[in-house]
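one predicted model, sequence on top.
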Amino acid sequence: MAGVVVLGASLGGLRAADALARSGYSGGITLVGDEPHQPYNRPPLSKEALVEAQDFDAIRLRSSAKPGTVSLVTGVRATSVDLGRGLLFLSDGRELAFEGLVAATGLRPRALGIPKPSAGVVMLRTYEDLVRLRSELAMVQDVAIIGAGFIGCELAASLTRLGYRVSVIAPEDVPMLRPLGEELGAALMRHHLRAGVTFGLERLPVAIEGSERPERVVCNDGSSFEAQLVIEAVGSATNTEWLDGNGLDLSDGILCDEKLSFGGDGRFLAVGDVARFPNLAFDAVPRRVEHWGMAVDTGRYAGKALGHLLSQGEASPAFTPMPAFWSDQFELRIQSFGMPGLVTDASEIRVLEGDLDGEVVVGYHRNGTLVGVVLVGFVQSHLKYRAAVAESLEAAAGASS
Amino acid sequence: MKVIVDLNKCNDHGQCVYSAPEVFSLNGRGELSFRDEAKEIYVSDQLDESLRDALEEAADICPMQAIEIEG
Ligand SMILES: Cc1cc2nc3c(=O)[nH]c(=O)nc-3n(C[C@H](O)[C@H](O)[C@H](O)COP(=O)(O)OP(=O)(O)OC[C@H]3O[C@@H](n4cnc5c(N)ncnc54)[C@H](O)[C@@H]3O)c2cc1C
Ligand code: SF4
């Protein structure tokens, strides 16, 4: 019998399979993933699991499906799919027939195409990556991190805490520029600087020099940074190759409609980091959202929607979630609600409470609407500011309809 | 049905408060309010079955996976 296959056994896939099982769907649910593990949680990889040397058990994801309702297949990759015939082809030679499909294949980190030694250059996305990073760390003192996004900055904070000398190298002029904007990025950078992190910004690495292991990272402005270990945190590519040949738009993840559906009639949905969909609470532009909370929300929505459709033949309303993100760097908790990254005009980014060199709440406005907030600290206030974004978006939607 | 929170794992993200405000709240210091009642593991009283969906959502959305539902 053709049941539902959920491909990608990480956060988004697990939440989709759980929600589908809880909906009472009885056609059989198979969760397939290529990692050798049970589903686990990635955010700790750059934070608690690294600093506190946690083992795999500490980062396992819990499942809320009744035992026996979801069959988990690990260590197996999907090589291709025929959506028309409802067949998924696996690396172990098996074919899985399905009446519904959830695509939850996420991202993989990109490596820089610059000369580098064969050892001592790593990336961080999986538990295996963390194990490798740990064993490399045992041999070094100076670490260079290429990339000043959230993961790069979290790693800088965690490794500084562990006593390493850390340099962060990136083309932007402040870290976390795109999601946070110039002023808040600069404020957080001052925090990192006070804690001892070195920044090499507004430059591009052109080579990682060293015979067997790295010795230094050389940049296009002639500067160089001593490092026996280099971590590349420069962005990612979407895992969609398995969907090739089905006539889909895979130019940046899987293009979906406002119900996360792709390729036709609502039986194929994408969730998590790989899904590009319009969130009509903001506008009609499809975007990918690389937030932990979004993988949960899309997964829960997709599982439930698919259950309704396949069991009762009912369609679901559009998916209009409130994006939420957090990051921990040193003793700072950074939280974001809404889509601050939509706002690039500096005059639309204003401090709402506190001040930039301490705890602060920053508001991001578009045409007078508060579309995002970022809190550094102020942990007791996040309910209030999240509600403020939601109200502002609702008021704007009301005014335009 | 009871809810169990591992306060060693919990990192006071407060995401649970959006999902199940009937059960979870933050105290004045921005911590999960169960910290005022328990040290390591918080175990609730028996909760009404009508809260199950909200509690499942809270358990799903907890970034530290600190929430378990028993029964
Ligand atoms: C180090 C790190 C720190 C992070 N910190 C934060 C944070 O603090 N806050 C936050 O909001 N977000 C954070 N994130 C982002 C968050 O972890 C992601 O948004 C989340 O993991 C997305 O889940 P997903 O299920 O969509 O994709 P993924 O977790 O990428 O899972 C996709 C799965 O599919 C598998 N797969 C891919 N292709 C195939 C195939 N063909 N066949 C079978 N299986 C396949 C992959 O191996 C993987 O297991 C962090 C991410 C990383 C890496
Ligand atoms: S969501 Fe989890 S980590 Fe956050 S306060 Fe609730 S139990 Fe603690």
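Perfect, I can see it now. Ligands and ions are numbered 1, 2, ... in the order given.

longest helix in chain A, please.
For chain A, the longest helix by residue count, based on DSSP state H, is helix A:382-400.

ok, that helix near chain B or not?
Yes. Applying Cβ under 8 Å from any Cβ of the partner chain, one finds helix A:382-400 in contact with chain B at A:382-383, A:386. C-beta here means a position set from N, CA and C on the backbone, and glycine is covered the same way.

so what touches that helix?
The contact list for helix A:382-400, computed with Cβ atoms under 8 Å, 6 or more residues apart in numbering or on different chains, reads A:281-282, A:322, A:324, A:335, A:337-338, A:352, A:361, A:367-373, A:375, A:378, B:14, B:17-18, B:26.

most neighbours out of the residues of helix A:382-400 next to chain B, which is it?
Among the residues of helix A:382-400 next to chain B, residue A:382 has the most neighbours (other Cβ atoms under 10 Å in any protein chain shown), with 25 neighbours.

nearest to residue A:254, of the residues of helix A:382-400 next to chain B?
residue A:386 (27.9 Å; Cβ to Cβ).

which stretches of the stretch 201-350 of chain A form helices?
The residue ranges that make up the helices of the stretch 201-350 of chain A, judged by DSSP state H, counting those that start in this stretch, are A:292-307.

find the closest residue to ligand 1 in it.
With Cβ to the nearest ligand atom as the measure, the residue in the stretch 201-350 of chain A that lies nearest ligand 1 is residue A:272; the distance is 2.0 Å.

thought that residue was touching residue A:8?
Yes. Contact criterion Cβ atoms under 8 Å: residue A:272 and residue A:8 qualify, at 7.3 Å.

so what sits against both of the two?
Common neighbours of residue A:272 and residue A:8 are listed as A:104, A:106 (criterion: Cβ under 8 Å, 6+ apart).

check contacts around the residue nearest to residue A:140 when sequence neighbours are not counted.
The shortest distance from residue A:140 to any non-neighbouring residue, by Cβ to Cβ, 6 or more residues apart in numbering or on different chains, is to residue A:228 (3.8 Å). Residues in contact with residue A:228, defined by Cβ under 8 Å, 6+ apart, are A:120, A:139-143, A:210, A:213-215.

least confident of those?
Across the set of these, residue A:139 stands lowest in pLDDT, at 91.

which residues touch it?
Going by Cβ under 8 Å, 6+ apart, residue A:139 touches A:213, A:228-229.

same question for residue A:63.
A:14, A:17-18, A:39, A:70.

ditto for residue A:12
The contact partners of residue A:12, taken as Cβ under 8 Å, 6+ apart, are A:104, A:106, A:271-275, A:295-296, A:298-299.

with residue A:78 instead?
Neighbour list for residue A:78: A:7, A:32, A:34, A:88-91, A:105, A:242 [criterion: Cβ under 8 Å, 6+ apart].

angles on the backbone of the residue nearest the centre of chain A, please.
For chain A, residue A:290 is the residue whose C-alpha lies nearest the centre (Cα atoms, centre = their mean; 3.3 Å). In this entry, residue A:290 is assigned phi and psi values of phi -90, psi 60 (degrees, to the nearest 10).
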